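Participant: the sequence isn't on hand, but the structure is:
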C-alpha cells in the first residue's frame, strides 16, 4: 500500500514538472522567435499562427508523460528503501520532537508568565474588551435603538383587488353595466398622537437599556477589582507563610542544636517538625485558594479559568522582608456626599428614571387610544365597455368596546407607571444602604490596619523575639516561641486581608456612585 501511494505521488510530480518545464520552453519559442531562422533548441519552426500553440501543448504532454514514467520508477525504489529505514527515521524524529519540546516549554512558560502579569488597570481594560456580558449588553442597546423608528411608524396600507358585480352563470363583465375590476388602497392615520408618544416611550426605553449597559460595565469592573484584591490577599498571605516556614526551619535547627547538647527535650524538636508540616499544609491550602481566586478573576476577564496570572508586585510591598508595610488608604467621603454623588451618577438610578419616562409616555399613548383613528382610501374601477370609475373613502374607528379594552389598558399603563416609580424608590434605598455598608467596611479596614501595624504587629514581633531569646537560655518552653510566631503570622495576614477588604469596599463605592475606574490606589502603582 505504501509502495503504491509513493509510486503514484512520484509519477504525478514527474508529470507536472516535465509538462511545466516543456510548456515554458516551447512557449518561449513561440513568443520570442517568430519566423526564421529557428533557434537550435526549438524543436519546430515557429510560423506565428495558432498551430504553434497546439504543438506546444502536444510537446508539453509528451514530456510530462516521460517524466511521470521516470518518477513512478523512482517512487517504487524509494518506497522499498524507505521500508527498511522507516523505523530508524521514526525513532530519530520522535527524539528530535522530544528535545524540541523540552527546550521550548520553559521559554513558552516564561513568555506566558510575562504576558499574563497583570496590574489592576490592565485587568480592567481586558474585561472591558473581552467580557461577553459587556458585549451582550452592547447588542441589547443596539436592539433597543432599532425599536425607536418602528414604534412611531404608520401602519402598513391595505391594497384590495376585486372583481365586482359579475353576472351568473357566464361571469361576463359586459352583461351588467355595474360590473368592474376594482383596485382599492386604504391607509389608517392615527391622528390622536399615539405614534409620537409610542416613539417617545421607545426612545426612553432605549435610554434605560443604555444606562443598564453602563451599570453592567461598572458591575464587571467591581467584580474585577474585588477578585483582583482577593488574589492580592492570597499572594501576600503566601509570601508571609513562606517567610514563616523559613523561620520555623530556623527554629527547628535551634531546637535540634539545643537538644544535641542536652538543653531541651526531644519534644521540642518534634514540635518544630510538626509546625513545619502544618505550615506546609496551610501553604498548599492557600495555593489552592490562590488558583480559585485566579480562576474567578479570569472568568470576569473573559478568559479560560486555567490561564496563569501573575500580579505585578505592589511598590509598597517590594523587598520589605519581615517588616509589615501597608498601602495608603485615605478615608472615604461622608455618607451624605456619597449618596448625593450616587443620585447624580449611578446608572441604575438613571435607568429607573428612564423607565419612569417610558411608562409615562406609554400611559399617555394609551389614554389617547380611545379617540378614533382616521382611515383614508381611494378606489379605481375598470368597467369593460363603459367609463371607468374613481371613488374616495374616509373611515374612523368606533371604540364600542372601550370598557373592556381601552379603559383596561389605561389601568394597566397606570399600574406599570406606579411599578416604575416604586422601583426607583427601592433602588434609592438599596443604593444608600449599600453605600453605608461599603463605607463602614472601608473605614473599619482602615482602622484595623492602623491598629495592627501600629500596635499589634510590633507587639507580636517583640513578643516573638523576647520568647526566642528566653528559649535560647532555657527560661521558656518551645510552645511559647511557636505561639508567638504564629500570632505574628496571623497579624501579618490580617493586615493584608484588611487591605483587600478596603480595596473591595472602595470598588463598591465607585460602582454605586457611578465612578468608573480611573487610577489604582496609592501604593499600587
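Facilitator: Now that the structure is in, tell me what you want to look at. Everything numeric in this text was worked out from a predicted model, so none of it was measured.
Participant: low-confidence ranges, the stretch 201-350 of the chain, go.
Facilitator: Under the criterion pLDDT under 70, the flagged ranges of the stretch 201-350 of the chain are 313-326.
Participant: where do the strands of it begin and end?
Facilitator: For the stretch 201-350 of the chain, the strands defined by DSSP state E, counting those that start in this stretch cover 310-311.
Participant: just the chain next, same as before
Facilitator: 117-118, 158-164, 180-189, 310-311, 374-382, 389-396 (DSSP state E).
Participant: other residues contacting the second one?
Facilitator: This means strand 158-164. Outside strand 158-164, the residues within contact range by C-beta atoms under 8 Å, 6 or more residues apart in numbering are 173, 178-187, 381. Just so you know, the C-beta spots here come from the backbone N, C-alpha and C atoms, and that holds for glycine as well.
Participant: could you chop this protein up by domain?
Facilitator: 2-115, 120-157+199-369+403-513 (automatic domain parsing).
Participant: tell me which of those lies nearest to residue 167.
Facilitator: domain 120-157+199-369+403-513 (31.4 Å; C-beta to C-beta).
Participant: which of the contacts of strand 158-164 sit farthest apart?
Facilitator: Longest span within these, C-beta to C-beta: 173 and 187, 28.5 Å.
Participant: so those two - more neighbours on which side?
Facilitator: More crowded of residue 173 and residue 187, by other C-beta atoms under 10 Å: residue 173, with 19 against 14.
Participant: and the pLDDT at that one?
Facilitator: Residue 173 carries a pLDDT value of 66.
Participant: and stretch 187-201, how far apart are its ends?
Facilitator: Using C-alpha to C-alpha, to the nearest Å, the end-to-end distance of stretch 187-201 comes to 24 Å.
Participant: and it, which residues are buried?
Facilitator: Buried residues in stretch 187-201, counted by 16 or more other C-beta atoms under 10 Å: 188, 190, 192, 194-201.
Participant: need the contact partners of it.
Facilitator: So stretch 187-201 is contacted by 148-149, 151-155, 157-158, 358-359, 361-362, 364-365, 368-369, 371-377 (C-beta under 8 Å, 6+ apart).
Participant: ok, the contacts of strand 158-164 vs residue 443, which is closest?
Facilitator: residue 187 (66.3 Å).
Participant: quick check: that closest one vs residue 396, distance?
Facilitator: 13 Å (C-beta to C-beta, to the nearest Å).
Participant: grab the nearest non-local neighbour of residue 402.
Facilitator: In space, and not counting its chain neighbours, residue 402 is closest to residue 370: 5.5 Å by C-beta to C-beta, 6 or more residues apart in numbering.
Participant: quick one: residues contacting the spatially most central residue of the chain.
Facilitator: Most central in the chain under C-alpha atoms, centre = their mean is residue 131, positioned 2.0 Å from the mean C-alpha point. Residue 131 sits next to 220, 300-302 when contact means C-beta under 8 Å, 6+ apart.
Participant: what distance do you get for it to residue 222?
Facilitator: From residue 131 to residue 222 the distance is 12 Å (C-beta to C-beta).
Participant: in a markdown table: the strands of the chain, plus distance to residue 411.
Facilitator: Output for the strands of the chain, formatted as a markdown table (distance: least, C-beta to C-beta, whole Å):
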| stretch | distance to residue 411 |
| --- | --- |
| strand 117-118 | 54 |
| strand 158-164 | 31 |
| strand 180-189 | 25 |
| strand 310-311 | 57 |
| strand 374-382 | 26 |
| strand 389-396 | 25 |
